[in-house]
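**Student:** Quick one: sequence and predicted model below, then my questions.
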Amino acid sequence: MDARSTFYAKALLDSWEKAPESERGQVADRFVELLRVERMLPLAPNILDAIERLLAERLKEQAVRAEFAHEPTSRQRESLKHFWVSEVCESMAVIGGFKISGRHKIIDASVAGGLEQMRQALILE
């Protein structure tokens, strides 16, 4: 994809997010006017594609995954809403308990995680 399209897409997203909600229409209008003045209107479809790609990347970065040793109960699934979990799966790597990862954090309440913590503690002693 054209680097200019990505540049314009990032600039528009940045301006859009920083603007108060009541002024976002004006941000879009000014952006279109900028493209017109700079004779970049033909890039508009590529800019929209770049915006979609950037937003998809953000969603992927923010995704929170929960792994369970066994299929979680409905009560457990309900409690996952607190962690904004977007994906729940059963994993053979989780011996018992669960592991939640995403947004640059990991909560490991699995048997394997507990054993690893004990191993690390023994190494440090």
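**Tutor:** In hand now; what should we look at?

**Student:** alpha carbons only for contacts and neighbour counts from here, please
**Tutor:** Noted.

**Student:** all helices for this structure, in order.
**Tutor:** Assigned by DSSP state H, the chain shows helices spanning 3-18, 24-37, 44-62, 74-80, 111-124.

**Student:** will you turn the ones you listed into CSV that also has mean pLDDT, distance to Ser91 and mean neighbour count?
**Tutor:** As requested, the helices of the chain are arranged in CSV below (pLDDT from 0 to 100; distance: least, Cα to Cα, whole Å; neighbours: other Cα atoms under 10 Å):
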stretch, mean pLDDT, distance to Ser91, mean neighbour count
helix 3-18, 92, 37, 16
helix 24-37, 93, 43, 14
helix 44-62, 87, 20, 15
helix 74-80, 84, 15, 12
helix 111-124, 88, 12, 12
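
**Student:** need these in a markdown table with distance to Phe68, can you?
**Tutor:** Shown next, in a markdown table, are those (distance: least, Cα to Cα, whole Å):
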| stretch | distance to Phe68 |
| --- | --- |
| helix 3-18 | 36 |
| helix 24-37 | 42 |
| helix 44-62 | 20 |
| helix 74-80 | 10 |
| helix 111-124 | 11 |
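
**Student:** Please report how far His70 lies from Ala3.
**Tutor:** Distance of His70 to Ala3, computed by Cα to Cα, to the nearest Å: 45 Å.

**Student:** meant to ask about Ala63
**Tutor:** 26 Å.

**Student:** What of Leu80?
**Tutor:** Here the distance between Leu80 and Ala3 works out to 39 Å (Cα to Cα).

**Student:** just Ile107 next, same as before
**Tutor:** When Ile107 is compared with Ala3 (using Cα to Cα), they lie 38 Å apart.

**Student:** likewise Gln62?
**Tutor:** Gln62 is 24 Å from Ala3, by Cα to Cα.
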